[in-house]
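Peer 1: Everything below, folded, please.
(2 chains)
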There are 2 protein chains.
Amino acid sequence: MKGTVLYGPRDVRFEERPEPRIEKPTDAIIRISATCVCGSDLWPYRGIQKIAKPTPMGHEYCGIVEEVGSEVKSVKPGQFVIGSFFASDNICPHCHAGYQTSCQRREFVSTAQASILRVPLADGTLVATPGPSEDLIPSLLAISDVFGTGWFAAVAANVKPGATAVVVGDGAVGLLGGLSAKQMGAERIIAMSRHESRQRLASEFGATDIVTERGEGGVARIKELTGGVGADSVLECVGTQESMMQAILSTRPGGSIGYVGVPHGVELEGEKVFYAHVHLHGGPAPVRRFLPELIDLVWERKVNPGRVFDLVLPLDQVAEGYRAMDQRRAIKALLRP
Amino acid sequence: MKGTVLYGPRDVRFEERPEPRIEKPTDAIIRISATCVCGSDLWPYRGIQKIAKPTPMGHEYCGIVEEVGSEVKSVKPGQFVIGSFFASDNICPHCHAGYQTSCQRREFVSTAQASILRVPLADGTLVATPGPSEDLIPSLLAISDVFGTGWFAAVAANVKPGATAVVVGDGAVGLLGGLSAKQMGAERIIAMSRHESRQRLASEFGATDIVTERGEGGVARIKELTGGVGADSVLECVGTQESMMQAILSTRPGGSIGYVGVPHGVELEGEKVFYAHVHLHGGPAPVRRFLPELIDLVWERKVNPGRVFDLVLPLDQVAEGYRAMDQRRAIKALLRP
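Peer 2: Have a look, this model is predicted:
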């Protein structure tokens, strides 16, 4: 079996790897139908996040079950399944509370840019659907992380019908955060983006306004667009100090920030957050909580999150997928084995 | 008229001051029935928060209206009134959203440890009650800040019936945060305190458990008491780095922290907060939002928040009130002109 391994900054290789097999009775083996490159994969790709040794990559996936362990009851060979980037048992107290990415038995799924994948805790992690038509596969794949994460950003930012929502970040998560806010009834959706192709997709997904300024200028523009009040809901989909402070300062007192960009070097000054009077919530998106609902939305063709994939490559060209995203030639690269 | 002025660390003087008078048509002048020393007054008293010049003190008050400006409609001379430490117009968008301490026209009330006080924006700020019996005055005064702030901590920490709530901080705000959590139906209330007299009052207010450990030890104890899960709601009523991290790490994923201790030197590490998966909300308590509800609770004698005043002094002995609180001989000092 072949899979993707990151050897160091900008050194992605597609190479022979040990065939995944059932290790625990709760595992499933799936044959990947589609996988992709995540914005968070770019942190180690760019060398900003150090890796100690060659590291298998990939945590977004959908595919056909090939084999299940003896204790697996809810999925069976031949079924098409989607799972989250964190495997979860879906029965512990944290899962019950809807925070499956904090599951007491969670395991990160880290080898999905491959043709075959072992998924731990299959009963708690995977959701089966009927065999989808080919054109639905990108959108079903998107649910596995990027759409689920954008959705969580909107949930955490407490988007309500009639709300004004701001999206900080025009990567695939931010774009799908905007789509999620639209689904939740936001009346005004302000996308912060300075890239024309991304602005277009943001508008297609429901953005009513585009703001190109960043930092203080961006905050001033949001204040201007909201009559000096600030936004009800801000989706923070980047994870830098600048984007986080921009989100906090763009929110009205009593408003909410949903942050899903993995923070890199972010330090929040207690006093600033205190006087901003905002709600903060976020973290690794508990995608499992949303899987049934998002699968329905895609299945009924009410949304088309797969539109974020503007580059489709055979899996063996995965390195080009990373390059295109690193150079911002592509929003997100889909890979087909 | 005499009032309280802080000249420098531990130098509190009660001295002749200019008589407050109506400056704007929206002002009211009130004769103070009772005022008190706040935990936050101790920051400048101890020299931790610098003051540039002699500074009048006091922001908690109730009393009788003596005079109102020409535009004031909702209160009139002779009425007993209670107000918040921030004057607010109660009609701007932030007030409408329930965040009166972020009112677009807010003014801090900073000269209340005196016999007479000017309150700006009287219509938006003050709530009148019938003349109270003498024994209700401490509890009505408490609503002005310390009870309103404890109440907001519990609201911000999303305390629900049946919840497990932790209170970090055994000052008057923390103690009343516990009382508030009890009113909101928390089933288990864990007070973190190592002072016997405060532990007793916490229990009287509804605490079911007392934890004396702090920092990592405190977090471990909360985890132990909650079956390894963490608390649903944590009320952070101190404002230091240690107390804030203790609050965050004691909360279950998906749980909520309400923080009302004014942060001093607090820096939140983005990545830690991200993976803690918690809700954070707080800031200066919008006491005005809660005044009618809390006045009713006190009036119907369902709660007795005035119990936090374990020292009553004539106003001219205000310096002793500061000393007693600084040395933790008193939880909170009430001052009567």
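
Peer 1: mind checking how far the residue of the stretch 1-150 of chain A at minimum distance from chain B is from A:I91?
Peer 2: Proximity of the stretch 1-150 of chain A to chain B (C-beta to the nearest C-beta) peaks at A:S102, 3.6 Å away. Any C-beta I mention is one placed from the backbone N, CA and C, and that applies to glycine too. According to C-beta to C-beta, to the nearest Å, A:S102 stands 14 Å off from A:I91.

Peer 1: In contact with the residue most central in space within chain A, which residues are there?
Peer 2: Taking C-alpha atoms, centre = their mean, the centroid of chain A lies closest to A:V146, which sits 2.5 Å from it. By C-beta atoms under 8 Å, 6 or more residues apart in numbering or on different chains, the contact list for A:V146 reads A:36, A:38-39, A:60, A:172-173, A:176, A:305, A:308, A:332.

Peer 1: which non-adjacent residue is nearest it?
Peer 2: With C-beta to C-beta, 6 or more residues apart in numbering or on different chains as the criterion, A:V146 has its nearest non-adjacent residue at 4.7 Å, and that residue is A:A172.

Peer 1: thinking A:G270 is in contact with B:A247, fair?
Peer 2: No: the pair A:G270 / B:A247 is not scored as a contact, 11.6 Å apart, by C-beta atoms under 8 Å.

Peer 1: And these two? Which one has more around it.
Peer 2: Using other C-beta atoms under 10 Å in any protein chain shown, the more surrounded residue of A:G270 and B:A247 is B:A247, with 32 against 22.

Peer 1: got the residues of chain A near chain B?
Peer 2: A:93-94, A:97-99, A:101-102, A:104, A:227-229, A:239, A:241, A:244, A:252-254, A:259, A:262-271, A:273-284 (C-beta under 8 Å from any C-beta of the partner chain).

Peer 1: Of those, which count as buried by neighbour count?
Peer 2: Taking 16 or more other C-beta atoms under 10 Å in any protein chain shown as the criterion, what is buried in these is A:93-94, A:97, A:99, A:101-102, A:229, A:239, A:244, A:252-254, A:259, A:262-263, A:266, A:268, A:270, A:273-274, A:276-284.

Peer 1: Spit out the contact partners of the spatially closest residue to A:F147 that is not a sequence neighbour.
Peer 2: Closest residue to A:F147 apart from its sequence neighbours, by C-beta to C-beta, 6+ apart: A:P305 at 4.1 Å. Counting by C-beta under 8 Å, 6+ apart, A:P305 touches A:138-139, A:142-143, A:146-147, A:150, A:176, A:179, A:298.

Peer 1: Return the subset of these lying in helices.
Peer 2: Counting by DSSP state H, the contacts of A:P305 place A:138-139, A:142-143, A:146-147, A:150, A:176, A:179, A:298 in helices.

Peer 1: Break down the stretch 151-300 of chain A into its helices, ranges please.
Peer 2: Secondary structure of the stretch 151-300 of chain A (DSSP state H, counting those that start in this stretch): helices at A:172-183, A:196-204, A:215-225, A:241-250, A:270-276, A:287-299.

Peer 1: Any buried residues in the fourth one, and which?
Peer 2: Applying a neighbour-count criterion of 16+ other C-beta under 10 Å, one finds A:243-250 buried in helix A:241-250.

Peer 1: ok, so of the residues you listed, who is nearest chain B?
Peer 2: A:M244 (6.6 Å).

Peer 1: Next up, the contacts around A:G58.
Peer 2: A:G58 neighbours (C-beta under 8 Å, 6+ apart): A:3-4, A:35, A:41, A:110-114.

Peer 1: export the helix or strand hosting A:S33 as PDB, just CAs?
Peer 2: If you go by DSSP states H and E, A:S33 is part of strand A:28-36. This file holds the C-alpha atoms of strand A:28-36, laid out as PDB (Å, rounded to 0.1, in the frame of the first residue of the first chain):
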ATOM      1  CA  ALA A  28     -12.200  -0.800  10.900                       C
ATOM      2  CA  ILE A  29     -10.100  -0.800   7.700                       C
ATOM      3  CA  ILE A  30     -11.400   1.300   4.900                       C
ATOM      4  CA  ARG A  31     -10.500   1.800   1.300                       C
ATOM      5  CA  ILE A  32     -10.200   5.500   0.700                       C
ATOM      6  CA  SER A  33     -12.600   7.000  -1.900                       C
ATOM      7  CA  ALA A  34     -11.200  10.500  -1.500                       C
ATOM      8  CA  THR A  35      -8.900  12.400   0.900                       C
ATOM      9  CA  CYS A  36      -7.300  15.800   0.800                       C
END
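
Peer 1: Show the subsequent helix or strand relative to that strand.
Peer 2: Later in the chain than strand A:28-36, the nearest helix or strand by DSSP H and E is helix A:42-45.

Peer 1: Contacts for that following helix next, please.
Peer 2: Residues contacting helix A:42-45 (C-beta under 8 Å, 6+ apart): A:6, A:9-10, A:12, A:49-51, A:55, A:262, A:264, A:322, A:325-326.

Peer 1: Need those in TSV (columns: pLDDT and secondary structure).
Peer 2: Output for the contacts of helix A:42-45, formatted as TSV (pLDDT from 0 to 100; DSSP: H, G, I helix; E, B strand; the rest coil):
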residue	pLDDT	secondary structure
A:L6	98	strand
A:P9	97	coil
A:R10	97	coil
A:V12	98	strand
A:Q49	91	coil
A:K50	94	coil
A:I51	96	coil
A:T55	98	strand
A:V262	89	coil
A:H264	90	coil
A:Y322	98	helix
A:M325	97	helix
A:D326	96	helix
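
Peer 1: Need the buried ones from the residues you listed selected in PyMOL.
Peer 2: Here is the PyMOL command that selects the buried residues among those (16+ other C-beta under 10 Å):
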select buried, chain A and resi 6+12+262+322+325
